[in-house]
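> With the sequence up front, the predicted model follows.
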Amino acid sequence: MELFKYMETYDYEQVLFCQDKESGLKAIIAIHDTTLGPALGGTRMWMYNSEEEALEDALRLARGMTYKNAAAGLNLGGGKTVIIGDPRKDKNEAMFRAFGRFIQGLNGRYITAEDVGTTVADMDIIYQETDYVTGISPEFGSSGNPSPATAYGVYRGMKAAAKEAFGSDSLEGKVVAVQGVGNVAYHLCRHLHEEGAKLIVTDINKEAVARAVEEFGAKAVDPNDIYGVECDIFAPCALGGIINDQTIPQLKAKVIAGSANNQLKEPRHGDIIHEMGIVYAPDYVINAGGVINVADELYGYNRERAMKKIEQIYDNIEKVFAIAKRDNIPTYVAADRMAEERIETMRKARSQFLQNGHHILSRRRAR
Ligand SMILES: NC(=O)C1=CN([C@@H]2O[C@H](COP(=O)(O)OP(=O)(O)OC[C@H]3O[C@@H](n4cnc5c(N)ncnc54)[C@H](O)[C@@H]3O)[C@@H](O)[C@H]2O)C=CC1
Ligand SMILES: CC(C)CC(=O)C(=O)O
(Lines give C-alpha, C1' and ligand atoms only; values in the text may rest on other atoms or scores of the structure.)
(Ligands and ions follow the chains in the order given, each with its own letter.)
Protein backbone atom coordinates (compact mmCIF):
# COMPACT_ATOMS: atom_id res chain seq x y z
CA MET A 1 0.00 0.00 0.00
CA GLU A 2 1.15 3.54 -0.73
CA LEU A 3 0.32 4.84 2.73
CA PHE A 4 0.40 8.59 2.13
CA LYS A 5 -1.60 8.23 -1.07
CA TYR A 6 -4.23 6.20 0.81
CA MET A 7 -4.27 8.71 3.69
CA GLU A 8 -4.73 11.55 1.25
CA THR A 9 -7.53 9.81 -0.65
CA TYR A 10 -9.59 9.15 2.49
CA ASP A 11 -8.42 12.16 4.51
CA TYR A 12 -6.59 10.46 7.40
CA GLU A 13 -4.85 12.71 9.88
CA GLN A 14 -2.25 10.45 11.49
CA VAL A 15 -0.95 6.89 11.69
CA LEU A 16 1.35 5.77 14.50
CA PHE A 17 3.44 2.60 14.57
CA CYS A 18 4.28 1.61 18.15
CA GLN A 19 6.73 -1.14 19.10
CA ASP A 20 8.17 -2.32 22.39
CA LYS A 21 10.67 -5.17 22.08
CA GLU A 22 10.56 -6.33 25.72
CA SER A 23 6.80 -6.91 25.82
CA GLY A 24 6.37 -7.78 22.14
CA LEU A 25 4.02 -4.87 21.50
CA LYS A 26 3.42 -4.14 17.83
CA ALA A 27 0.54 -1.71 17.51
CA ILE A 28 -0.81 0.61 14.84
CA ILE A 29 -2.92 3.58 15.95
CA ALA A 30 -4.85 5.20 13.11
CA ILE A 31 -6.50 8.57 13.66
CA HIS A 32 -8.87 9.39 10.86
CA ASP A 33 -10.64 12.67 11.66
CA THR A 34 -10.87 14.82 14.77
CA THR A 35 -13.22 17.54 13.53
CA LEU A 36 -15.89 16.63 16.08
CA GLY A 37 -13.50 15.98 18.98
CA PRO A 38 -10.79 13.56 20.11
CA ALA A 39 -10.70 10.28 18.19
CA LEU A 40 -12.38 7.46 20.14
CA GLY A 41 -12.20 3.86 18.99
CA GLY A 42 -11.32 0.46 20.39
CA THR A 43 -8.15 -1.63 20.30
CA ARG A 44 -8.33 -4.88 18.35
CA MET A 45 -5.82 -7.67 18.99
CA TRP A 46 -5.66 -10.17 16.16
CA MET A 47 -3.31 -12.64 14.47
CA TYR A 48 -2.88 -10.76 11.21
CA ASN A 49 -1.21 -12.62 8.35
CA SER A 50 0.93 -9.59 7.53
CA GLU A 51 1.69 -6.05 8.65
CA GLU A 52 -0.06 -4.84 5.51
CA GLU A 53 -3.25 -6.61 6.55
CA ALA A 54 -3.02 -5.10 10.06
CA LEU A 55 -2.48 -1.61 8.65
CA GLU A 56 -5.44 -1.95 6.29
CA ASP A 57 -7.65 -3.10 9.16
CA ALA A 58 -6.58 -0.21 11.41
CA LEU A 59 -7.21 2.32 8.65
CA ARG A 60 -10.63 0.98 7.66
CA LEU A 61 -11.78 0.62 11.26
CA ALA A 62 -10.58 4.14 12.18
CA ARG A 63 -12.52 5.72 9.32
CA GLY A 64 -15.54 3.68 10.33
CA MET A 65 -15.28 5.20 13.82
CA THR A 66 -15.37 8.76 12.40
CA TYR A 67 -18.66 7.91 10.70
CA LYS A 68 -19.98 5.91 13.65
CA ASN A 69 -19.33 8.65 16.19
CA ALA A 70 -20.70 11.35 13.91
CA ALA A 71 -23.86 9.39 13.06
CA ALA A 72 -24.44 8.60 16.73
CA GLY A 73 -24.39 12.32 17.56
CA LEU A 74 -21.22 12.07 19.66
CA ASN A 75 -18.73 14.93 19.93
CA LEU A 76 -15.89 12.61 19.00
CA GLY A 77 -13.71 11.88 16.02
CA GLY A 78 -12.64 8.49 14.71
CA GLY A 79 -9.60 6.35 15.45
CA LYS A 80 -8.72 2.75 16.10
CA THR A 81 -5.77 0.60 17.14
CA VAL A 82 -4.75 -2.86 16.08
CA ILE A 83 -2.26 -4.89 18.06
CA ILE A 84 -0.61 -7.69 16.10
CA GLY A 85 -0.67 -10.92 18.09
CA ASP A 86 -2.72 -13.81 19.39
CA PRO A 87 -4.96 -12.51 22.20
CA ARG A 88 -4.99 -15.98 23.79
CA LYS A 89 -1.18 -16.33 23.96
CA ASP A 90 0.66 -13.08 23.39
CA LYS A 91 -0.80 -10.71 25.99
CA ASN A 92 1.15 -9.51 29.00
CA GLU A 93 0.91 -6.65 31.47
CA ALA A 94 3.99 -4.85 30.12
CA MET A 95 2.50 -4.84 26.62
CA PHE A 96 -0.61 -2.93 27.70
CA ARG A 97 1.43 -0.62 29.97
CA ALA A 98 3.72 0.23 27.05
CA PHE A 99 0.70 0.74 24.83
CA GLY A 100 -0.88 3.02 27.47
CA ARG A 101 2.21 5.21 27.40
CA PHE A 102 2.00 5.58 23.64
CA ILE A 103 -1.62 6.68 24.02
CA GLN A 104 -0.64 9.14 26.75
CA GLY A 105 1.95 10.58 24.36
CA LEU A 106 -0.90 11.59 22.06
CA ASN A 107 -2.18 13.82 24.86
CA GLY A 108 -5.88 13.18 24.29
CA ARG A 109 -5.98 13.11 20.49
CA TYR A 110 -6.91 9.41 20.73
CA ILE A 111 -8.96 7.60 23.39
CA THR A 112 -9.17 3.83 23.38
CA ALA A 113 -11.59 1.09 24.53
CA GLU A 114 -12.19 -2.63 23.93
CA ASP A 115 -12.61 -4.34 20.59
CA VAL A 116 -12.21 -7.92 19.39
CA GLY A 117 -9.42 -9.61 21.37
CA THR A 118 -9.21 -7.07 24.21
CA THR A 119 -11.03 -6.99 27.54
CA VAL A 120 -11.91 -4.78 30.50
CA ALA A 121 -8.86 -6.20 32.30
CA ASP A 122 -6.63 -4.97 29.45
CA MET A 123 -8.21 -1.50 29.63
CA ASP A 124 -7.60 -1.45 33.38
CA ILE A 125 -3.89 -2.02 32.73
CA ILE A 126 -3.80 0.76 30.12
CA TYR A 127 -5.48 3.01 32.70
CA GLN A 128 -2.39 2.70 34.88
CA GLU A 129 -0.54 4.77 32.27
CA THR A 130 -3.16 7.07 30.80
CA ASP A 131 -6.54 8.68 31.40
CA TYR A 132 -7.35 8.37 27.71
CA VAL A 133 -8.98 4.97 27.98
CA THR A 134 -12.64 4.01 28.46
CA GLY A 135 -14.50 0.75 29.05
CA ILE A 136 -12.53 0.29 32.29
CA SER A 137 -13.93 -1.51 35.34
CA PRO A 138 -17.08 -0.23 37.04
CA GLU A 139 -14.98 -0.13 40.27
CA PHE A 140 -13.26 2.93 38.77
CA GLY A 141 -16.68 4.55 38.20
CA SER A 142 -16.63 3.46 34.58
CA SER A 143 -18.92 1.65 32.20
CA GLY A 144 -17.11 -1.72 31.97
CA ASN A 145 -17.55 -4.13 29.08
CA PRO A 146 -19.26 -2.33 26.15
CA SER A 147 -20.61 -5.51 24.52
CA PRO A 148 -24.03 -5.67 26.26
CA ALA A 149 -24.62 -2.02 25.31
CA THR A 150 -23.63 -2.74 21.71
CA ALA A 151 -25.99 -5.72 21.68
CA TYR A 152 -28.89 -3.63 22.97
CA GLY A 153 -28.29 -1.05 20.26
CA VAL A 154 -28.20 -3.73 17.57
CA TYR A 155 -31.44 -5.16 18.94
CA ARG A 156 -33.09 -1.71 18.76
CA GLY A 157 -31.77 -1.10 15.24
CA MET A 158 -32.89 -4.54 14.13
CA LYS A 159 -36.42 -3.74 15.25
CA ALA A 160 -36.38 -0.54 13.17
CA ALA A 161 -35.12 -2.53 10.17
CA ALA A 162 -37.84 -5.17 10.72
CA LYS A 163 -40.45 -2.41 10.67
CA GLU A 164 -39.10 -1.19 7.35
CA ALA A 165 -39.06 -4.67 5.80
CA PHE A 166 -42.09 -6.35 7.35
CA GLY A 167 -44.31 -3.44 8.43
CA SER A 168 -43.99 -4.24 12.15
CA ASP A 169 -41.06 -3.97 14.52
CA SER A 170 -42.05 -7.10 16.42
CA LEU A 171 -39.41 -9.81 16.22
CA GLU A 172 -41.68 -12.47 17.67
CA GLY A 173 -41.60 -15.55 15.45
CA LYS A 174 -38.99 -14.01 13.14
CA VAL A 175 -36.09 -16.30 12.21
CA VAL A 176 -32.74 -14.61 12.85
CA ALA A 177 -29.48 -16.16 11.59
CA VAL A 178 -26.60 -15.01 13.77
CA GLN A 179 -23.00 -15.30 12.55
CA GLY A 180 -20.62 -15.44 15.53
CA VAL A 181 -22.01 -15.73 19.06
CA GLY A 182 -19.26 -13.92 20.93
CA ASN A 183 -19.42 -11.06 23.41
CA VAL A 184 -21.96 -8.93 21.54
CA ALA A 185 -24.07 -11.62 19.88
CA TYR A 186 -24.56 -13.61 23.08
CA HIS A 187 -26.43 -10.63 24.56
CA LEU A 188 -28.18 -9.94 21.25
CA CYS A 189 -29.44 -13.54 21.21
CA ARG A 190 -30.76 -13.06 24.74
CA HIS A 191 -32.83 -10.02 23.69
CA LEU A 192 -34.10 -11.83 20.60
CA HIS A 193 -34.97 -14.98 22.54
CA GLU A 194 -36.84 -12.92 25.14
CA GLU A 195 -38.92 -11.37 22.37
CA GLY A 196 -39.76 -14.77 20.89
CA ALA A 197 -37.50 -14.78 17.83
CA LYS A 198 -36.22 -18.13 16.51
CA LEU A 199 -32.44 -18.32 16.36
CA ILE A 200 -30.04 -20.05 13.98
CA VAL A 201 -26.43 -19.60 15.09
CA THR A 202 -22.93 -20.40 13.99
CA ASP A 203 -19.43 -19.84 15.36
CA ILE A 204 -15.98 -21.32 14.90
CA ASN A 205 -15.94 -21.65 18.68
CA LYS A 206 -17.96 -24.76 19.55
CA GLU A 207 -18.48 -23.74 23.20
CA ALA A 208 -20.06 -20.44 22.16
CA VAL A 209 -22.47 -22.32 19.90
CA ALA A 210 -23.32 -24.87 22.59
CA ARG A 211 -24.18 -22.08 25.05
CA ALA A 212 -26.59 -20.43 22.58
CA VAL A 213 -28.21 -23.78 21.81
CA GLU A 214 -28.67 -24.57 25.47
CA GLU A 215 -29.75 -21.15 26.76
CA PHE A 216 -31.80 -19.87 23.83
CA GLY A 217 -32.92 -23.04 22.03
CA ALA A 218 -30.93 -21.93 18.98
CA LYS A 219 -30.37 -24.24 16.02
CA ALA A 220 -26.68 -24.62 15.16
CA VAL A 221 -25.25 -24.71 11.63
CA ASP A 222 -21.71 -24.91 10.21
CA PRO A 223 -19.95 -21.56 9.63
CA ASN A 224 -20.11 -21.90 5.83
CA ASP A 225 -23.85 -22.66 5.87
CA ILE A 226 -25.07 -19.56 7.73
CA TYR A 227 -25.44 -17.38 4.61
CA GLY A 228 -27.85 -19.71 2.85
CA VAL A 229 -30.20 -20.66 5.70
CA GLU A 230 -33.91 -19.86 5.41
CA CYS A 231 -34.38 -16.84 7.66
CA ASP A 232 -35.96 -13.40 7.88
CA ILE A 233 -32.94 -11.55 9.26
CA PHE A 234 -29.21 -12.14 8.87
CA ALA A 235 -27.15 -10.75 11.77
CA PRO A 236 -23.40 -10.68 11.02
CA CYS A 237 -21.70 -10.47 14.42
CA ALA A 238 -18.21 -11.87 13.71
CA LEU A 239 -15.71 -10.12 11.46
CA GLY A 240 -15.94 -7.75 8.49
CA GLY A 241 -16.13 -8.21 4.71
CA ILE A 242 -18.77 -10.94 4.86
CA ILE A 243 -21.18 -9.31 2.41
CA ASN A 244 -19.33 -10.13 -0.79
CA ASP A 245 -19.54 -11.77 -4.21
CA GLN A 246 -19.49 -15.28 -2.73
CA THR A 247 -22.06 -14.75 0.04
CA ILE A 248 -24.63 -12.45 -1.58
CA PRO A 249 -26.03 -15.07 -4.00
CA GLN A 250 -26.67 -17.38 -1.03
CA LEU A 251 -28.63 -14.88 1.09
CA LYS A 252 -32.33 -15.57 1.75
CA ALA A 253 -32.85 -12.90 4.41
CA LYS A 254 -34.89 -9.74 3.77
CA VAL A 255 -32.93 -7.82 6.41
CA ILE A 256 -29.23 -7.57 7.29
CA ALA A 257 -28.69 -6.15 10.77
CA GLY A 258 -25.72 -7.12 12.92
CA SER A 259 -22.85 -5.84 15.03
CA ALA A 260 -19.82 -6.58 12.85
CA ASN A 261 -17.77 -3.60 11.66
CA ASN A 262 -17.18 -3.12 7.92
CA GLN A 263 -19.71 -5.73 6.79
CA LEU A 264 -19.60 -4.72 3.11
CA LYS A 265 -16.46 -6.07 1.45
CA GLU A 266 -16.63 -3.21 -1.04
CA PRO A 267 -19.13 -0.37 -1.47
CA ARG A 268 -20.54 -2.00 -4.61
CA HIS A 269 -21.80 -4.89 -2.45
CA GLY A 270 -24.06 -2.36 -0.73
CA ASP A 271 -25.44 -1.44 -4.16
CA ILE A 272 -26.07 -5.09 -5.03
CA ILE A 273 -28.04 -5.89 -1.87
CA HIS A 274 -29.99 -2.65 -2.34
CA GLU A 275 -30.98 -3.73 -5.85
CA MET A 276 -32.02 -7.12 -4.45
CA GLY A 277 -34.45 -5.32 -2.11
CA ILE A 278 -32.64 -6.36 1.06
CA VAL A 279 -33.05 -3.88 3.92
CA TYR A 280 -29.53 -3.21 5.17
CA ALA A 281 -29.07 -1.49 8.54
CA PRO A 282 -25.64 0.14 8.06
CA ASP A 283 -23.07 -1.42 10.40
CA TYR A 284 -21.67 1.67 12.03
CA VAL A 285 -25.12 3.12 12.77
CA ILE A 286 -26.58 -0.04 14.31
CA ASN A 287 -23.47 -1.06 16.28
CA ALA A 288 -22.84 2.30 17.98
CA GLY A 289 -24.22 1.21 21.37
CA GLY A 290 -20.81 0.31 22.77
CA VAL A 291 -19.14 3.54 21.82
CA ILE A 292 -22.11 5.58 23.06
CA ASN A 293 -21.80 3.75 26.38
CA VAL A 294 -18.04 4.26 26.81
CA ALA A 295 -18.22 7.86 25.57
CA ASP A 296 -20.57 8.64 28.42
CA GLU A 297 -17.63 8.04 30.78
CA LEU A 298 -16.15 11.30 29.52
CA TYR A 299 -19.03 13.12 31.23
CA GLY A 300 -18.90 10.97 34.40
CA TYR A 301 -20.65 7.70 33.61
CA ASN A 302 -24.44 7.62 34.00
CA ARG A 303 -25.95 4.34 32.81
CA GLU A 304 -29.49 5.68 32.47
CA ARG A 305 -28.33 8.55 30.27
CA ALA A 306 -26.22 6.21 28.13
CA MET A 307 -29.05 3.68 27.68
CA LYS A 308 -31.44 6.45 26.62
CA LYS A 309 -29.02 7.43 23.87
CA ILE A 310 -28.54 3.80 22.83
CA GLU A 311 -32.34 3.38 22.53
CA GLN A 312 -32.22 6.12 19.91
CA ILE A 313 -30.33 3.83 17.54
CA TYR A 314 -33.85 2.81 16.49
CA ASP A 315 -34.51 6.43 15.42
CA ASN A 316 -31.06 6.77 13.82
CA ILE A 317 -31.72 3.71 11.65
CA GLU A 318 -35.15 5.12 10.70
CA LYS A 319 -33.44 8.40 9.77
CA VAL A 320 -31.05 6.53 7.47
CA PHE A 321 -33.96 4.77 5.76
CA ALA A 322 -35.73 8.11 5.31
CA ILE A 323 -32.65 9.70 3.69
CA ALA A 324 -32.24 6.63 1.45
CA LYS A 325 -35.83 7.01 0.23
CA ARG A 326 -35.64 10.79 -0.08
CA ASP A 327 -32.49 10.69 -2.19
CA ASN A 328 -33.18 7.32 -3.84
CA ILE A 329 -29.85 5.85 -2.69
CA PRO A 330 -28.74 2.65 -0.89
CA THR A 331 -28.81 2.81 2.90
CA TYR A 332 -25.02 2.61 3.27
CA VAL A 333 -24.70 5.79 1.18
CA ALA A 334 -27.49 7.43 3.19
CA ALA A 335 -25.63 6.70 6.43
CA ASP A 336 -22.44 8.25 5.04
CA ARG A 337 -24.43 11.30 3.98
CA MET A 338 -25.93 11.66 7.47
CA ALA A 339 -22.50 11.45 9.13
CA GLU A 340 -20.74 13.70 6.61
CA GLU A 341 -23.44 16.37 6.89
CA ARG A 342 -22.93 16.53 10.65
CA ILE A 343 -19.14 16.73 10.37
CA GLU A 344 -19.34 19.50 7.76
CA THR A 345 -21.92 21.49 9.74
CA MET A 346 -19.80 21.29 12.89
CA ARG A 347 -16.61 22.11 10.99
CA LYS A 348 -18.24 25.37 9.90
CA ALA A 349 -19.80 26.09 13.31
CA ARG A 350 -16.43 25.69 15.02
CA SER A 351 -14.28 27.49 12.51
CA GLN A 352 -13.68 30.76 14.38
CA PHE A 353 -10.54 31.15 16.53
CA LEU A 354 -10.84 30.68 20.31
CA GLN A 355 -7.91 31.33 22.62
CA ASN A 356 -8.74 28.41 24.91
CA GLY A 357 -10.97 26.15 22.87
CA HIS A 358 -13.37 24.01 24.90
CA HIS A 359 -13.93 20.34 24.21
CA ILE A 360 -15.21 17.19 25.84
CA LEU A 361 -11.94 16.35 27.63
CA SER A 362 -11.70 19.69 29.41
CA ARG A 363 -14.67 18.55 31.53
CA ARG A 364 -12.96 15.27 32.33
CA ARG A 365 -9.75 17.00 33.39
CA ALA A 366 -11.70 19.39 35.60
CA ARG A 367 -13.11 16.54 37.73
N1 LIG B 1 -17.74 -5.52 21.47
C2 LIG B 1 -18.35 -4.40 21.11
O3 LIG B 1 -18.88 -3.65 21.94
C4 LIG B 1 -18.41 -4.02 19.66
C5 LIG B 1 -18.13 -4.94 18.66
N6 LIG B 1 -18.28 -4.59 17.35
C7 LIG B 1 -18.01 -5.55 16.30
O8 LIG B 1 -18.87 -6.69 16.45
C9 LIG B 1 -18.19 -7.87 16.07
C10 LIG B 1 -18.18 -8.87 17.23
O11 LIG B 1 -17.54 -8.29 18.34
P12 LIG B 1 -17.39 -9.10 19.72
O13 LIG B 1 -18.63 -9.84 20.00
O14 LIG B 1 -16.87 -8.11 20.70
O15 LIG B 1 -16.22 -10.08 19.34
P16 LIG B 1 -15.97 -11.58 19.86
O17 LIG B 1 -14.60 -11.93 19.43
O18 LIG B 1 -16.37 -11.74 21.26
O19 LIG B 1 -17.04 -12.39 18.98
C20 LIG B 1 -16.85 -12.73 17.66
C21 LIG B 1 -17.24 -14.18 17.50
O22 LIG B 1 -17.18 -14.50 16.12
C23 LIG B 1 -16.63 -15.80 16.00
N24 LIG B 1 -16.09 -15.94 14.65
C25 LIG B 1 -14.92 -15.48 14.13
N26 LIG B 1 -14.82 -15.84 12.85
C27 LIG B 1 -15.94 -16.53 12.55
C28 LIG B 1 -16.41 -17.15 11.38
N29 LIG B 1 -15.73 -17.16 10.25
N30 LIG B 1 -17.64 -17.77 11.41
C31 LIG B 1 -18.34 -17.79 12.55
N32 LIG B 1 -17.93 -17.22 13.69
C33 LIG B 1 -16.75 -16.61 13.69
C34 LIG B 1 -15.58 -15.87 17.11
O35 LIG B 1 -15.27 -17.20 17.43
C36 LIG B 1 -16.30 -15.15 18.23
O37 LIG B 1 -17.04 -16.01 19.06
C38 LIG B 1 -16.78 -7.41 15.64
O39 LIG B 1 -16.79 -7.17 14.24
C40 LIG B 1 -16.58 -6.10 16.37
O41 LIG B 1 -15.69 -5.24 15.71
C42 LIG B 1 -18.72 -3.36 16.97
C43 LIG B 1 -19.01 -2.42 17.92
C44 LIG B 1 -18.81 -2.66 19.32
C1 LIG C 1 -16.03 -1.20 21.18
C2 LIG C 1 -16.36 0.24 21.24
C3 LIG C 1 -16.24 0.71 22.63
C4 LIG C 1 -15.65 1.15 20.33
C5 LIG C 1 -15.31 0.61 18.99
O6 LIG C 1 -14.16 0.48 18.69
C7 LIG C 1 -16.36 0.23 18.05
O8 LIG C 1 -17.52 0.63 18.18
O9 LIG C 1 -16.04 -0.48 17.07
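That came in fine, so what should we check first? Ligands and ions are numbered 1, 2, ... in the order given.

> quick one: residue 269 from ligand 1, how far?
Per Cβ to the nearest ligand atom, to the nearest Å, residue 269 is found 16 Å from ligand 1. Every C-beta, even on glycine, is put in place using the N, C-alpha and C of the backbone.

> who touches residue 85 in this structure?
Residue 85 is in contact with 24, 26, 45, 46, 47, 91, counting by Cβ atoms under 8 Å, 6 or more residues apart in numbering.

> do the same with residue 73
So, once contact is read as Cβ under 8 Å, 6+ apart, residue 73 ends up touching 309, 312, 316, 342.

> Please apply the same query to residue 2.
Under the criterion of Cβ under 8 Å, 6+ apart, the contact list for residue 2 is empty.

> How about residue 110?
Residue 110 neighbours (Cβ under 8 Å, 6+ apart): 29, 31, 38, 39, 40, 41, 79, 81, 103, 132.

> what residues does the stretch 151-300 of the chain put near ligand 1?
Contact residues, the stretch 151-300 of the chain versus ligand 1 (Cβ under 6 Å from any ligand atom): 179-185, 202-205, 208, 223, 237-239, 259-261, 287, 290.

> if you set the cut-off to 8 Å instead, what comes out?
Proximity of the stretch 151-300 of the chain to ligand 1 (Cβ under 8 Å from any ligand atom) is limited to residues 151, 179-186, 202-205, 208, 223, 226, 236-240, 242, 258-262, 283, 287-291.

> Quick check on the residues you listed: which are buried?
Using 16 or more other Cβ atoms under 10 Å as the burial test, those include 151, 179-181, 183-186, 202-203, 208, 226, 236-240, 242, 258-262, 283, 287-291 as buried.

> What values do phi and psi take at residue 255?
Backbone torsions for residue 255, taken as degrees, to the nearest 10, come to phi -130, psi 140.

> do the same with residue 82
Here residue 82 shows phi and psi, under degrees, to the nearest 10, equal to phi -120, psi 140.

> Ok, residue 16 next?
Phi and psi for residue 16, reported as degrees, to the nearest 10, are phi -120, psi 130.

> Who wins on neighbours among the contacts of residue 73?
Neighbour counts for these, by other Cβ atoms under 10 Å, peak at residue 316, which reaches 23 neighbours.

> Could you grab the helix/strand/coil label for that one?
helix (DSSP: H, G, I helix; E, B strand; the rest coil).

> So for the closest residue to it other than its chain neighbours, what's the pLDDT?
Once flanking residues are discounted, residue 316 sits nearest to residue 285: 5.4 Å by Cβ to Cβ, 6 or more residues apart in numbering. Residue 285 is assigned 98 on the pLDDT scale.

> Repeat that for residue 365.
Note on residue 365: pLDDT of 57.

> swap in residue 141?
If you check residue 141, the pLDDT there is 84.

> What strand or helix carries the residue of the stretch 201-350 of the chain found nearest ligand 1?
Closest to ligand 1 within the stretch 201-350 of the chain is residue 290: 3.1 Å, counting by Cβ to the nearest ligand atom. Using DSSP states H and E, residue 290 sits within helix 289-295.

> quick one, phi/psi of residue 224?
According to degrees, to the nearest 10, residue 224 has phi -80, psi -10.

> what's near enough to touch residue 141?
By Cβ under 8 Å, 6+ apart, the contact list for residue 141 reads 300, 301.

> If you could redo that for residue 231, that was the one I meant.
Going by Cβ under 8 Å, 6+ apart, residue 231 touches 175, 176, 177, 200, 252, 253.

> Tell me the pLDDT of it.
In this model, residue 231 carries a pLDDT of 98.

> again, but for residue 275
On the pLDDT scale, residue 275 gets 97.

> just the one 5 residues further on next, same as before
Residue 280 carries a pLDDT score of 98 in this model.

> That one - how many residues pack around it?
So residue 280, with other Cβ under 10 Å, has 26 neighbours.

> Begin at 47, not 1, for the rest of this chat.
Done: numbering now begins at 47, and the last item shifts to residue 326.

> Isn't it up against residue 380?
No: Residue 326 is beyond contact range of residue 380, at 10.0 Å (criterion: Cβ atoms under 8 Å).

> does the spatially closest residue to residue 328 that is not a sequence neighbour sit in a helix or strand, and which one?
Distances taken as Cβ to Cβ, 6+ apart put residue 381 closest to residue 328, at 3.8 Å, once the chain neighbours are dropped. Residue 381 belongs to helix 377-395 when assigned by DSSP H and E.

> How about the residue of the chain found nearest ligand 2: what's its closest non-neighbour residue?
Closest contact between the chain and ligand 2, by Cβ to the nearest ligand atom, is at residue 88 (2.8 Å). Once flanking residues are discounted, residue 88 sits nearest to residue 161: 3.1 Å by Cβ to Cβ, 6+ apart.

> who touches the closest residue to ligand 1 within the stretch 47-196 of the chain in this structure?
Per Cβ to the nearest ligand atom, residue 196 is where the stretch 47-196 of the chain lies closest to ligand 1, at 3.5 Å. By Cβ under 8 Å, 6+ apart, the contact set of residue 196 is 230, 233, 305, 333, 334, 335, 336, 339.
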